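Trainee: Let me see the structure of the following:
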Amino acid sequence: MIIDTDVLVWHLRGNEKARDTIHSSFPFGISVVTYIELIQGMKDKKQMNSFIKQLAKWNIEIVQISDDISTRAMIYVEQYHHSNSMELADALIAATCTNKAEVLLTANDKHYKFVPNIQIKRFIP
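Mentor: I've put the predicted structure just below:
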């Protein structure tokens, strides 16, 4: 399973349902895009370091962008940007999931549901 940025944001904001869902989803991974988005959203280094320590405790995989993932994301943007407003980060996360044949846990299924062969598990906060 790959967990989308929004679910981790819910967890960081103290949402118990997100916490429970994440803890019941081990082992899971995140896209490096999610990692970067979360780090950019941290208010300071203390919060960032705490988050990095939590990721280490969870022992999750941070999936890097490969040639296959970037090519697939490029195709998704070509096919879905104008019809479904697909943006770069969502294209890379979708491509990560389809490339690895992993389920995507997200509350923002509208960002992904039009992507062929993507498996989505909807998180409802």
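
Trainee: residues in contact with the closest residue to S25 other than its chain neighbours?
Mentor: Nearest residue to S25, sequence neighbours excluded (CB to CB, 6 or more residues apart in numbering): M1, at 5.3 Å. For glycine as for every other residue, the C-beta is placed from the backbone atoms N, C-alpha and C. By CB atoms under 8 Å, 6 or more residues apart in numbering, the contact set of M1 is S25, F28, G29, E102, V103, L104, L105, K121.

Trainee: Now for the last one: which residues touch it?
Mentor: The one in question is K121. M1, V103, L104, L105, T106.

Trainee: what are the phi and psi values for it?
Mentor: phi -110, psi 120 (degrees, to the nearest 10).

Trainee: Tell me the pLDDT of it.
Mentor: Looking at K121, its pLDDT is 97.

Trainee: Kindly provide the distance from it to A91.
Mentor: 19 Å (CB to CB, to the nearest Å).

Trainee: likewise the second one?
Mentor: Distance of F28 to A91, given as CB to CB: 20 Å.

Trainee: The protein: strands as residue ranges?
Mentor: Secondary structure of the chain by DSSP state E: the strands cover 2-3, 29-31, 61-63, 103-106, 119-122.
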